[in-house]
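1. fold the following, please.
(one chain, ligands or ions: 1)
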Amino acid sequence: MPQDNDLHNSTVNNTPIPTHRQHRSFCKDGPKRRLIMASCFVFLLLLLAAVIIGPTLAFLASGSSNRPLKVAAFNIRYFGRNKMLDTTVANHIAEILVRYDVILVQEVRDASGRSLKNLWSLLNKTDDWGLVASARIGRTRYKEQYVFYYRVNLAHLLGTYQTPDSSDVYEREPFSVEFEYFSVSPGVRKRVVLMALHARPKDAFNELGHLPTSIKSAASHFKDAGGVVAMGDFNADCRYVSATKKSKLEIFRDDSQFISLIPHSADTTSGHTDCAYDRIIVFGNDIRARDAKVYNFQRAMGLSDEATGDISDHYPVEFQLY
Ligand SMILES: *[C@@H]1O[C@H](CO)[C@@H](O)[C@H](O)[C@H]1NC(C)=O
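-> Residues are numbered from 1 along each chain as shown. As a prediction, the model looks like this:
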């Protein structure tokens, strides 16, 4: 198993790795210094085993998967405490999310992080879920977070990458995560980079114009991945990006290195709008992404317009990795 090394060296975000300071306070100088140092070492090893190797073993123990990995991106409008305090809305959101193995949630706006944790607990009632989140990003006091929830037995987090943006192109710079997952070929594990972008509506054309460069830099950051799938609410339609402008964007051009999985004709919005805002763009030659579609949860769950609007003005866009 050539990839074992990488697995054990991987880090998991949001995991309290003991800092140097804490380490010193455990390991004071003194007469029995050596013994204490040794126990400290063992203690740290055990801690490391618990926080890092545990999830890795859980992933490896699950062995393989005979179905593709189901991935989605969902802009849950104003996701925060109000949504999670309404149990009907919270349960509907969880019901949508558990359709997937890895899901990107956008428009997360909760500085306390409590709503993320609440949603995580709801998901954990069904399976073991992991969470990895970006920093809170935005030019003003208005910030959003990109958050991925994933089934730890099917996807193993290897790393994260926040796109640098020195010329300030993006309001919310793309955030990428690398996962290892089981391909449908027996015994084969693959790596994929999932890149999140919630474009600023008024700058969507400009931000999307820069996306190819950002996708390529994420691809070169994660050299062992089969490719990058950029996804999210790109605001790539209707009054933000006209048909003429769409035809100029490299990510949508047939002769480019990018494959767009959600057509311009799709409607990724709930309610009365009809816009293909949410997109999935594939880059790289070892990515088998198929079955892309919009998940109209209103129809699937038989919800009223009001109940739908309480959840979001967007539908998830989804695909499967084979
Ligand atoms: C969810 O489950 C994971 C994996 O078992 C665990 O690490 C995490 O702490 C749980 N989170 C919550 C909020 O219960």
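2. who's in contact with whichever residue of the stretch 151-300 of the chain sits closest to the ligand?
-> At 5.6 Å from the ligand, Val152 is the closest residue in the stretch 151-300 of the chain, using Cβ to the nearest ligand atom. To be clear about C-beta, it is placed using only N, CA and C from the backbone, and glycine gets the same treatment. Going by Cβ atoms under 8 Å, 6 or more residues apart in numbering, Val152 touches Pro55, Ala58, Phe59, Asp128, Trp129, Gly130.
3. and the furthest pair within the residues you listed?
-> Spanning the widest gap among these are Phe59 and Trp129, at 12.8 Å by Cβ to Cβ.
4. what are the buried residues along the longest helix seen in the chain?
-> The longest helix of the chain (DSSP state H) is helix 204-221. Residues Ala204, Phe205, Glu207, Leu208, Gly209, His210, Leu211, Pro212, Ser214, Ile215, Ala218, Ala219 are the ones in helix 204-221 that count as buried (16 or more other Cβ atoms under 10 Å).
5. against which helices or strands is that helix packed?
-> strand 189-196, strand 228-233, strand 278-283 (3 or more Cβ pairs under 8 Å, 6 or more residues apart in numbering; DSSP states H and E).
6. what about stretch 242-253, start to end distance?
-> Stretch 242-253 stretches 14 Å from its first residue to its last (Cα to Cα, to the nearest Å).
7. any idea which element Arg141 lies in?
-> Here Arg141, judged by DSSP states H and E, is contained in no helix and no strand.
8. next one, pLDDT for it please.
-> If you check Arg141, the pLDDT there is 96.
9. now swap in Gln3 and tell me
-> pLDDT for Gln3: 42.
10. returning to that earlier point: with secondary structure, neighbour count and distance to the ligand added, can I get the contacts of Val152 in TSV?
-> Shown next, in TSV, are the contacts of Val152 (DSSP: H, G, I helix; E, B strand; the rest coil; neighbours: other Cβ atoms under 10 Å; distance: Cβ to the nearest ligand atom, whole Å):
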residue	secondary structure	neighbour count	distance to the ligand
Pro55	helix	20	7
Ala58	helix	14	8
Phe59	helix	24	11
Asp128	coil	15	4
Trp129	strand	22	5
Gly130	strand	24	6
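11. noted, bye for now.
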